[in-house]
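Participant: pasted the sequence and its predicted model underneath.
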Amino acid sequence: MSRTFPLEKIRNMGIIAHIDAGKTTTTERILYHTGRTYKIGEVDEGTAAMDWMQQERERGITITSAATTCYWGGCRINIIDTPGHVDFTAEVERALRVLDGGIVILDALAGVEAQSETVWRQADKYNVARLCFLNKMDKVGVDFYHVVRMVEERLQAKPLPIGLPLGVENLFRGVIDLVENKAITFPDNPDLMPVVESIPESDRAIATEYREKLIEKLAESDNQIMQMYLEGQDIPVSLLKAAIRRATIANQVVPVLCGSAVRGKGIRPLLDAVADYLPSPLDIPPIPAMRLSDGARIACRPNDKDPFAALVFKTVSDPFMGRLSYLRVYSGEVKAGAQVLNATRDERERVGKLYLMHANRREEIDEADTGTIIAAVGLRKTFTGDTICDITSPLLLESIRFPEPVLSMAIEPKSKADQDKLYDTLNKLTDEDPTFKFYQDSETGQTIISGMGELHLEVLTERASREFGVKVNVGRPQVAYKETITISVESEGRFVRQSGGKGQYGHVWLGLEPGERGSGFAFFDQIRSGVIPREFTHAIEAGVRAALQSGVSGYPVVDIKVILCDGSFHEVDSSDLAFNVAASIAVKNGVAKARPILLEPIMKVGIVTPDQFLGEILGDVNSRRAHIESIETHETLCIIRCYVPLAETFGFAGDLRSLSQGRANYTMEFCRYQELPDDLARQHMAEMVVK
């Protein structure tokens, strides 16, 4: 099969940012200027092509990542537009896992906001090369140079301005291209071509200063530019672009551009930068993989002639087509109808149809080659994070790790008819979203759903109603408390049942020790030879794990070390079941003696508010047991960074709107677990007893 598009001309990139920075608006302008759409979609009007879900259009926010493809400068650009709200951080996580580059959108007035730091860290984790686009340059009070300093100080990055603003606030009309050393002005009509001209005299000094800085920074890592710079030679534009590209791909610098997406200003230079500076699949290091035949670590290289290997990074339940699996092809080629291996689950699958996606619209294709981001139907046993590959050359790519849910609520169907469909619907939603989980409480009989926040669970319950026709009632959100111990103890567990025939005999001594906060669970076998046969160790560990699912207060026990140190067995009556039960008894008794405490989830909160509302908002935050980390001021805005217990955040969104006349906004993400104060723990336990 011949390639459908040169591999070196493919750009797999994402649009990532804090909520309301302008991600979807920027994407809509990119699609319009590249000819992918004939009409500019507007987020506020609910006509954005990338916000295709009804809930996205109603709320004016992106909820699910959407993929599309467009062409610019001889390159095929595969774009994933991601959500900015922290409740949907899993969408950003899985998108960055399969992308080579990204555009980080920053509000030119607010600068680096709370969620900007989160997505930046996520991009760092996957070594994604980035451009920065300072959006909303036409707003009152913007300061391009201040935001550049914020990028350097707060994100620990090396910003490289390659485009300066031409005019500010309502006089913003274009950009100064420091690489080409020219000015570009944009007409108000997006259909008209930008005007390229000499840099105005009033801006020449600042342009010269920043072009010198650009060359100096490139000279630090490029010997040829260093030599030409020291000799006072003019450096060709092609040489500058090549040096910026190398430094960007190596994550040594982050090119910074600016514009106003809503007015279509700065979009064309941004597209040029994507084509010129972001990596192709050939520019990134080979993806590490494990060969299943012998467990050897190998490199999965971007080559059409190599065996097929792809990572499924998203699954969607389509009401008309069934499960739709989004995948990134890392090597080889795949055709519609081909048989492949799900290496993660050791299951053979048959690929049905293949599609290039444009949000929720599909373009059917017969085959896909290396570097492509596509969707496939027919993969019935394949889920997010799974590797699919050539049957004759099985290999396993690194999966995707997602954060654990932090908020729970009870859910129940409104009618008997809905009861029959509820679990099927919840299973479909779980398949799509790895941060959404559900289970049935054995004590209360309630169905409990868990997610990343109030908005996350609200959206999913709305989807159950609208997309799957299941009407439900939901209870007040419950906090996912956890339990741990504070002192070391030893505990005996004995399970003996003897009644004439073959009985049951299991006897263990376990040591329980507190672990470091966040360490989870660790099991150590320190049994003396012969005291308990090795074949029962696995059953003992399984019994320990099962018992830790529910501690003294009924919450999971975490941050604990369990040591198997002694015990005894019976030649005839001992069994896996007996030792499993004995270990469970020992854990239950030991946790009760080890001074257990409750742990509560703590959220990292960032609040941006006009300064006149600062006092009222601080008062509200402090009443929620918040720990204030910092308060920053910028022009007329204040940025509060604090840590708030999740239990105190319910209703915060409405209170914040009331206190600020709807002008403040906030982001929230899970940070850590910490001890719940004694008085609140006693109050919480008393409430549980009453219930």
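Facilitator: Perfect, I can see it now.
Participant: residue boundaries of the helices in the stretch 401-550 of the chain?
Facilitator: All helices of the stretch 401-550 of the chain, identified by DSSP state H, counting those that start in this stretch, fall at 416-432, 454-466, 537-548.
Participant: sorry, slip of the keys, the one I care about is the stretch 201-350 of the chain.
Facilitator: So, for the stretch 201-350 of the chain - with DSSP H, counting those that start in this stretch - the helices run 201-219, 223-230, 237-249, 267-277.
Participant: nearest to Ala578, out of the ones you listed?
Facilitator: helix 237-249 (59.4 Å; C-beta to C-beta). C-beta coordinates here come from the backbone N, C-alpha and C atoms, glycine included.
Participant: tell me the angle of that closest one relative to helix 267-277?
Facilitator: Counting by axes from the mean of the first three to the mean of the last three C-alpha atoms, to 10 degrees, helix 237-249 lies at 80 degrees to helix 267-277.
Participant: just give the nearest non-adjacent residue to Asp318, would you?
Facilitator: Of all residues not flanking Asp318 in the chain, Leu324 sits nearest, at 5.0 Å (C-beta to C-beta, 6 or more residues apart in numbering).
Participant: from memory the one you found sits against Gly378, does it?
Facilitator: No - checked against C-beta atoms under 8 Å, the pair Leu324 and Gly378 is beyond contact range at 9.8 Å.
Participant: do a quick rundown of the strands in the stretch 501-650 of the chain.
Facilitator: Applying DSSP state E, counting those that start in this stretch to the stretch 501-650 of the chain gives strands spanning 504-514, 521-525, 560-568, 597-610, 627-634, 637-645.
Participant: same list, the ones you listed, but as CSV with mean neighbour count, mean pLDDT and distance to Ala183 please.
Facilitator: Listed next are the strands of the stretch 501-650 of the chain as CSV, based on neighbours: other C-beta atoms under 10 Å; pLDDT from 0 to 100; distance: least, C-beta to C-beta, whole Å:
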stretch, mean neighbour count, mean pLDDT, distance to Ala183
strand 504-514, 22, 93, 64
strand 521-525, 15, 92, 61
strand 560-568, 20, 92, 64
strand 597-610, 22, 89, 32
strand 627-634, 12, 89, 28
strand 637-645, 19, 91, 30
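Participant: so for Ala299, which of these sits nearest?
Facilitator: Comparison of the strands of the stretch 501-650 of the chain against Ala299 by C-beta to C-beta identifies strand 521-525 as nearest, at 32.3 Å.
Participant: paired strands for the closest one, with orientation please.
Facilitator: Sheet pairing of strand 521-525 (DSSP bridges) gives strand 560-568 (parallel).
Participant: run through who's touching the strand it pairs with.
Facilitator: Under the criterion C-beta atoms under 8 Å, 6 or more residues apart in numbering, residues 484-485, 490, 506-515, 521-528, 531-532, 537, 540-541, 544, 548, 582, 587 lie in contact with strand 560-568.
Participant: ok, stretch 534-542 next?
Facilitator: Stretch 534-542 is touched from outside by 506, 508, 523, 525, 527, 532, 564, 569, 574, 576-577, 579-580, 582-583, with contacts defined as C-beta under 8 Å, 6+ apart.
Participant: stretch 340-356 now?
Facilitator: The contact list for stretch 340-356, computed with C-beta under 8 Å, 6+ apart, reads 69, 292, 308, 324, 334-339, 362-368, 374-382, 385-391, 394-396, 399.
Participant: could you check the angle the one helix or strand Ile15 maps to makes with helix 267-277?
Facilitator: Using DSSP states H and E, Ile15 maps to strand 10-17. Strand 10-17 and helix 267-277 are oriented at 130 degrees to each other (the same axes, to 10 degrees).
Participant: how about strand 10-17, which residues are buried there?
Facilitator: By neighbour count on 16 or more other C-beta atoms under 10 Å, the buried set for strand 10-17 is 10-17.
Participant: stretch 404-424 too?
Facilitator: Of all the residues in stretch 404-424, those buried under the rule 16+ other C-beta under 10 Å are 405-411, 413, 418, 422.
Participant: hang on, the earlier thing: between the contacts of stretch 534-542, which is closest to Arg268?
Facilitator: Minimum distance to Arg268 across the contacts of stretch 534-542 is 58.7 Å, recorded for Phe523 (C-beta to C-beta).
Participant: can I assume the closest one is in contact with Val544?
Facilitator: Yes - if you go by C-beta under 8 Å, Phe523 and Val544 touch, sitting 6.2 Å apart.
Participant: nearest the geometric middle of the chain, what residue?
Facilitator: Most central in the chain under C-alpha atoms, centre = their mean is Glu93, positioned 2.5 Å from the mean C-alpha point.
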